[in-house]
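J.: Pasted the sequence and its predicted model underneath.
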Amino acid sequence: MLKIGKISENVLKRSVLKQIKTKRDEILIGAGIGEDCAILSLKEDEVFVISTDPITGTTKDIGELSIHVTINDIASSGAEPVGVLISILLPPESEEALLKEIMISAQKACSDLGIQIAGGHTEVTDAVNRPVITVTGVGKAKKGACLKTANADPGQDIVVSKYIGLEGTSILAKTHPELLDKFPQMMIRNAAAFDQFLSVVPEAAIAVKMGVSAMHDITEGGIFGALWEMAESSKVGLEVDLKKIPIRQETVEICNYFDINPYLLMSSGSMIMVTDRGPELVKQLAQAKIPAAVIGKITAGNDRIIWNDDEKRFLEPPKSDELYKIREVKHERKNTENH
């Protein structure tokens, strides 16, 4: 059992540093005993791209998820991911096995992405009651080549990669199996395995080569939240066909069961890309075995419209993600069963 405070040197060596395997030439000094900083080197015509995100949870793959969430932000700027810094806060009485499991999970994602864990901090504290992981990602790009969410222009196509709701569906299938026993086990296993599709780095690389104007990874608030953020940032409108938004049947079934909106469900693994050549981008992604679809267009003005056949609705500013409603569902079901 780990004691409150900084992780001991022995634990740090065997459960943290020993798990770090991927190396990058850009990182001159990385994670190590007594190393408080990472030192990176770039070429004269390159710039750093940095992003950070916190993740809270108890699933065994939280390390992998934390890496993908942050690196997706780096990729959406058009940059090449290089490395990460990881800060891990564990609640009192955590076992060393949990720390090692988090690091193995994080290293798996880093290995898949070809990036290095360059440093971080690990501590046990009574300030948290669940593991909290904060990942700061570092990428590189040519000067002047980075993309901004605010670069969308009227007339351009809106393309969405893979399927919305992948992250939220996977989390629901993994953390609430007792509430999903009415569904075939094969369907739940398939839904839980959606986490293998959470990286948008492959489609981002293809989109950059195709000369897209803007990209935005879809996280909390789902596709509707991400569309609003892109339109608001670019000061444009949009029109989207709801039925063209790609979604897996597993997501539809599970969201219907929990009475939540899949279009407002966290969707890491799916990317919005704005381009003058939507159909061509979809074709290029398909050749790389990445499904995608043109779902609408950027428009002038401020109207952000979603069409469902002849039904017209207007997007609203993002609210709390639908995933957080599940706690209320579980509480209500327990109360019903107790009466």
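T.: Received it, and whenever you're ready, just let me know what you need.
J.: For residue 37, list the residues it contacts.
T.: 29, 119 (CB atoms under 8 Å, 6 or more residues apart in numbering). C-beta coordinates here come from the backbone N, C-alpha and C atoms, glycine included.
J.: can you start the count at 57 instead of 1 from here on
T.: Will do, 57 is the new start, and the previous item becomes residue 93.
J.: where's it relative to residue 83, distance?
T.: Distance, residue 93 to residue 83, using CB to CB, to the nearest Å: 11 Å.
J.: Ok, residue 164 next?
T.: For residue 164 relative to residue 83 (CB to CB), the value is 19 Å.
J.: More neighbours: the two, which one.
T.: residue 83 (21 against 16; other CB atoms under 10 Å).
J.: Go ahead and confirm that one touches residue 96.
T.: Yes - Residue 83 lies in contact with residue 96 (CB atoms under 8 Å); the separation is 5.5 Å.
J.: Can you check which residues contact both of those two?
T.: 138-139, 174.
J.: If any of those are buried, put those into a PyMOL selection.
T.: Here is the PyMOL command that selects the buried residues among the shared contacts of residue 83 and residue 96 (16 or more other CB atoms under 10 Å):
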select buried, resi 138+139+174
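J.: Closest to residue 351 out of the shared contacts of residue 83 and residue 96?
T.: residue 138 (31.6 Å; CB to CB).
J.: I'd like to know which of the shared contacts of residue 83 and residue 96 are part of strands.
T.: Among those, the members falling in strands (DSSP state E) are 138-139, 174.
J.: Just the CA atoms of the strand or helix carrying residue 289, as PDB, please.
T.: In the assignment (DSSP states H and E), residue 289 maps to helix 278-290. The C-alpha trace of helix 278-290 is given here as PDB (Å, rounded to 0.1, in the frame of the first residue of the first chain):
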ATOM      1  CA  GLY A 278     -20.300  15.400 -28.200                       C
ATOM      2  CA  ILE A 279     -20.600  16.300 -31.900                       C
ATOM      3  CA  PHE A 280     -23.200  19.100 -31.200                       C
ATOM      4  CA  GLY A 281     -20.800  20.700 -28.700                       C
ATOM      5  CA  ALA A 282     -17.800  20.400 -31.000                       C
ATOM      6  CA  LEU A 283     -19.800  21.900 -34.000                       C
ATOM      7  CA  TRP A 284     -20.900  24.800 -31.800                       C
ATOM      8  CA  GLU A 285     -17.300  25.500 -30.600                       C
ATOM      9  CA  MET A 286     -15.900  25.400 -34.200                       C
ATOM     10  CA  ALA A 287     -18.700  27.700 -35.500                       C
ATOM     11  CA  GLU A 288     -18.300  30.100 -32.500                       C
ATOM     12  CA  SER A 289     -14.600  30.200 -32.800                       C
ATOM     13  CA  SER A 290     -14.700  30.900 -36.600                       C
END
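J.: Could you give me the buried positions within that helix?
T.: Quick answer for helix 278-290 (16+ other CB under 10 Å): 278-288, 290.
J.: cool, and stretch 323-334?
T.: 323-331, 333-334.
J.: Endpoint to endpoint, that stretch covers what distance?
T.: 21 Å (CA to CA, to the nearest Å).
J.: mind listing the helices for the stretch 107-256 of the chain?
T.: 118-132, 152-169, 222-231, 241-248 (DSSP state H, counting those that start in this stretch).
J.: Can I get the ones you listed in a markdown table including distance to residue 256 and mean pLDDT?
T.: Output for the helices of the stretch 107-256 of the chain, formatted as a markdown table (distance: least, CB to CB, whole Å; pLDDT from 0 to 100):
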| stretch | distance to residue 256 | mean pLDDT |
| --- | --- | --- |
| helix 118-132 | 5 | 95 |
| helix 152-169 | 11 | 95 |
| helix 222-231 | 10 | 92 |
| helix 241-248 | 19 | 93 |
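J.: coming back round to it: kindly indicate which of the buried residues of helix 278-290 lies nearest residue 212.
T.: residue 290 (9.8 Å).
J.: Could I get the pLDDT score of that closest one?
T.: Residue 290 carries a pLDDT value of 96.
J.: was I right about it contacting residue 269?
T.: No - counting by CB under 8 Å, residue 290 does not reach residue 269; the two are 9.1 Å apart.
J.: and for the two, which residues touch both?
T.: With CB under 8 Å, 6+ apart as the test, residue 290 and residue 269 both reach 207-209.
J.: Which of those fall within strands?
T.: Going by DSSP E, the strands hold none of these.
J.: got a winner among these for most neighbours?
T.: residue 208 (26 neighbours).
J.: quick one on the thing from earlier: farthest-separated two in the buried residues of helix 278-290?
T.: Top of the distance list for those (CB to CB): 278 and 290, 18.9 Å.
J.: low pLDDT regions in the protein?
T.: Scanning the chain for pLDDT under 70 picks out 383-395.
J.: re earlier: could you export the shared contacts of residue 290 and residue 269 as TSV, including distance to residue 247?
T.: Below are those laid out as TSV (distance: CB to CB, whole Å):
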residue	distance to residue 247
207	34
208	32
209	37
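J.: and residue 103, how many neighbours?
T.: Residue 103 has 15 nearby residues by other CB under 10 Å.
J.: Repeat that for residue 57.
T.: The number of residues near residue 57, taken as other CB under 10 Å, comes to 8.
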